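A.B. asks: Need a 3D model of the sequence below.
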Amino acid sequence: QVQLVESGGGLVQAGGSLRLSCAASGLSFSTYTMAWFRQAPGKEREFVAVINWSGGSTYYADSVKGRFTISRGNAKNTVYLQMNSLKPEDTAVYSCAAKIWGALATVAKGDHDYSGQGTQVTVSS
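C.D. replies: Predicted coordinates for the structure are as follows:
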């Protein structure tokens, strides 16, 4: 059974930082492209960042470029999202998604095999 479990969310002041983790189990992690998405109340799910199976390629939404960094540790079956210079508009439930041998562009558009339940990030002004 495949599980993606996010952690690391919380309440932070604007300008602060958080590091999210997504621990994967039940799959061959090093063959999966991994991505982060977010959904704010009353809004559609939004792509945040994606990283390919080797960690050699990444792609970001314009809204987070230069502030967020996606990385992965294949030995730990975990993908990370380092979020710096947080803004109130970053408030959302953040979830990770996985697609086997996924192309960055298609995964960013929502093509994935598995997704997690998410972790809440709240940024206060």
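A.B. asks: Thr33 - nearest residue in space that isn't next to it in sequence?
C.D. replies: Of all residues not flanking Thr33 in the chain, Gly102 sits nearest, at 3.5 Å (CB to CB, 6 or more residues apart in numbering). All C-beta atoms are positioned from the backbone trio N, CA, C, and that covers glycine.
A.B. asks: That neighbour: neighbouring residues, count only.
C.D. replies: As a burial measure, Gly102 scores 22 neighbours (other CB atoms under 10 Å).
A.B. asks: Would you quantify the distance from it to His112?
C.D. replies: As judged by CB to CB, to the nearest Å, Gly102 and His112 stand 7 Å apart.
A.B. asks: do Ser85 as well
C.D. replies: 27 Å.
A.B. asks: out of these two, which sits in the busier spot?
C.D. replies: When neighbours are counted by other CB under 10 Å, Ser85 and His112 differ, and His112 comes out ahead with 22 against 13.
A.B. asks: Identify the residues contacting that one.
C.D. replies: For His112, the contacting residues are 35, 97-99, 102, by CB atoms under 8 Å, 6 or more residues apart in numbering.
A.B. asks: One more pass at 10 Å, please.
C.D. replies: Going by CB atoms under 10 Å, 6 or more residues apart in numbering, His112 touches 4, 32-35, 37, 50, 96-100, 102, 106.
A.B. asks: what's the answer for Ser85, then?
C.D. replies: Going by CB under 10 Å, 6+ apart, the list of residues near Ser85 reads 14-17, 64, 66-68.
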